[in-house]
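In: Fold the stuff below for me.
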Amino acid sequence: MSGAASPGGAHPAEGVRRRQSARDAAARTYARALPLVPVRARGLTIEGADGRRYLDCTSGAGALALGHNHPVVLEAIRRVLDSGVPLNTPDLATPVMDAFLAELHRTLPPGLAHRARVRFCDPSADDALETACRWARAATGRPGLLTFTDAHRRAASRSLDPCVAHRRAVSLADAPGHHCPHGLHGERGPDLAADWVASVLDGPGSASGLPAGVIVEPVQGEGGVFPAPDAWLRRMRRLTSDRSVALVVDETQTGLGRTGALWAVDHSGVTPDVMVLPPDIGGSLPLAVVVHREDLDGDHPVAGTAPFRGNQLAMAAGTATLAHIRRNGLAERAAHLGTRMLDQLRALAEEFPIVRRVRGKGLLIGVELVDAEGVGELREASTDVEAQGHNGVDGRTARRNSELVVALQRECLTRGLIVGPGGRHGRGVRLAPPLTITDEQAAAVLDRLAGAIEAVAQSHGPVGQQHGRRVRR
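Out: Residues are numbered from 1 along each chain as shown. Modelled structure (predicted):
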């Protein structure tokens, strides 16, 4: 019987976790926060070896637009396996690749679709971002890149490390509307942030070397789920176009349709020069793709000898995923359901002071927490705290907030809910359920999250107006 205890009383999953702990590297992994052994999954649901079922709001670290083991994806994979085609053919034309490229071009932003070139690379989103950086430099002949702090920079550290002087990477203050470097909020913050980018592009030294590109995220994911204002993105497009600087849009954190449009950049109507596509482009299998304008194309050897850039299974799964999202209007559904979930979570924030802010777009949602001891100070200083030092958070407060997030993840797990960490100083959690989540499942997610927040609020201080539920007058 699946999940049964051994004769000695120990559950088989305990042995699996114990062996993993003994063999894995000490780096932070999902296993640290999620002590479960998954054995089956379908859609939003994962079943552990102990027989418990969990609602997975991480979507496999963003790789599962349609959730676990969606039937259309499994069928596409089976067809390729049964056909006998070679499973990996780097750069070679195949019917599977042709079908993938046709579906991809149907769904790209209109201004890019009719003149797009596609680059496959080794097989993670990190590799795609690195490829985009190297391509921008090769295509323009310039070494510099402009990025924003708290952006998705892990993978591209080889290209974006500001300590590597000859690469001339410049990391600007955060994208506007959330951590304004001038301490301003509302409309003036984004305007001044855009002015700052213009001053960097046109400032001392710019005449001898504009950057190769400006890298932006339409929604900053790992930085805390901060949607960039559409007007700001359009301003970035004008600034880069006027100076012949490539606008590189990093979609690795937004996912296919997750923000309520198939591509997050679609909300602004901006046509980028380069797009780094998200990991769910492979339909749950490893595939990394960069798209750029054909007039910037050239024989730039930026892909190297990447051996897995012809993964036929991933292309077939990606074709099925893209087509299913397009035909069933799942991006539009993500917009509708995401708005409802955001409204309910913001109501929850009014009830529990440890929930500092709720942000998001579509089904990409961030819940920022603050330790109870800091609630009063942060509430009073909410208008200017973002401009202070490390976002107004000292080391002790950051540690308390991080502990709060760990506690919330643990409480969620006991209730059968899996959420991921996110945000500055690890002080929030992120919800990114698959686009196939039902209304009933969304209600269950919110109910379990509310119960977990209440439990954490009670355990981090006396119940009452300051630390538990707000006292209603």
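
In: Could you list the low-pLDDT ranges of the stretch 101-250 of the chain?
Out: Residues of the stretch 101-250 of the chain that meet the criterion pLDDT under 70 lie in 150-189, 204-208.

In: Go again with 50.
Out: Counting by pLDDT under 50, the stretch 101-250 of the chain shows low-confidence ranges at 154-157, 161-169, 171, 173-179, 181-184, 207.

In: mind listing the strands in it by residue range?
Out: With DSSP state E, counting those that start in this stretch as the criterion, the stretch 101-250 of the chain has strands at 116-121, 145-148, 169-172, 213-216, 219-220, 226-227, 246-250.

In: Which element, helix or strand, includes the residue most central in space within the chain?
Out: With distances taken as CA atoms, centre = their mean, Gln253 lies nearest the centre of the chain, 2.4 Å away. Using DSSP states H and E, Gln253 sits in no helix or strand.

In: surely it meets Glu217?
Out: Yes. The pair Gln253 and Glu217 passes the contact test of CB atoms under 8 Å, sitting 6.2 Å apart. In this view, the C-beta of every residue, glycine as well, is placed from N, C-alpha and C.

In: start to end distance for stretch 266-284?
Out: End-to-end distance for stretch 266-284: 23 Å, by CA to CA, to the nearest Å.

In: Buried residues, it. List them.
Out: Within stretch 266-284, the residues that count as buried by 16 or more other CB atoms under 10 Å are 266-268, 270-284.

In: ok, now stretch 192-204?
Out: 192-194, 196-197, 200-201.

In: Which of those fall within helices?
Out: 192-194, 196-197, 200-201 (DSSP state H).

In: May I see those arranged in CSV, with distance to Gly48 as well?
Out: What follows is these, written out as CSV (distance: CB to CB, whole Å):
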residue, distance to Gly48
Leu192, 49
Ala193, 45
Ala194, 48
Trp196, 48
Val197, 47
Val200, 49
Leu201, 51
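
In: In a helix, Thr271, correct?
Out: No. Applying DSSP: H, G, I helix; E, B strand; the rest coil, one finds Thr271 to be coil, outside a helix.

In: Isn't it up against His114?
Out: No. Between Thr271 and His114 there is no contact under CB under 8 Å: 10.6 Å.

In: shared neighbours of those two, which are they?
Out: Here Thr271 and His114 have no joint contacts, going by CB atoms under 8 Å, 6 or more residues apart in numbering.

In: Setting the sequence-adjacent residues aside, check what's closest to Val39.
Out: The shortest distance from Val39 to any residue other than its chain neighbours is 5.0 Å, reached at Ala49 (CB to CB, 6 or more residues apart in numbering).

In: And Gly257, by the same measure?
Out: In space, Gly257 is closest to Ala331, 3.5 Å off (CB to CB, 6+ apart).

In: Count the neighbours of the one you found for me.
Out: 23 (other CB atoms under 10 Å).

In: For it, what are phi and psi?
Out: Dihedral pair for Ala331: phi -70, psi -40, per degrees, to the nearest 10.

In: cool, and Leu262?
Out: The phi/psi pair for Leu262 (degrees, to the nearest 10) is phi -60, psi -40.

In: Thought Gly329 was touching it, still the case?
Out: No. Checked against CB under 8 Å, the pair Leu262 and Gly329 is beyond contact range at 10.3 Å.

In: Between the two, tell me which one has more neighbours.
Out: Leu262 (24 against 13).

In: could you list every residue that touches that one?
Out: By CB under 8 Å, 6+ apart, the neighbours of Leu262 are 107, 256, 325-326, 331.

In: What does the pLDDT read for it?
Out: Here the pLDDT value assigned to Leu262 is 96.

In: what's the answer for Asn88, then?
Out: pLDDT at Asn88 comes out at 90.

In: Relative to Asp295, how far out is it?
Out: 31 Å (CB to CB, to the nearest Å).

In: repeat for Gly43
Out: Distance from Gly43 to Asp295, by CB to CB: 42 Å.

In: Over to Val216?
Out: With distances taken as CB to CB, Val216 is found 21 Å from Asp295.

In: Same drill for the two, tell me which one is more crowded.
Out: Between Val216 and Asp295, counted using other CB under 10 Å, the more crowded position is Val216 (25 against 10).

In: In this structure the more buried one contacts Ala228, no?
Out: Yes. The criterion here is CB under 8 Å, and Val216 meets it with Ala228 at 6.7 Å.

In: if we can go back for a sec, report pLDDT for the residue nearest to the centre of the chain.
Out: Note on Gln253: pLDDT of 88.

In: same check, this time on Val274
Out: 94.

In: residues touching it, list them.
Out: Residues near Val274 by CB under 8 Å, 6+ apart: 132, 135-136, 213, 246-249, 290-293.
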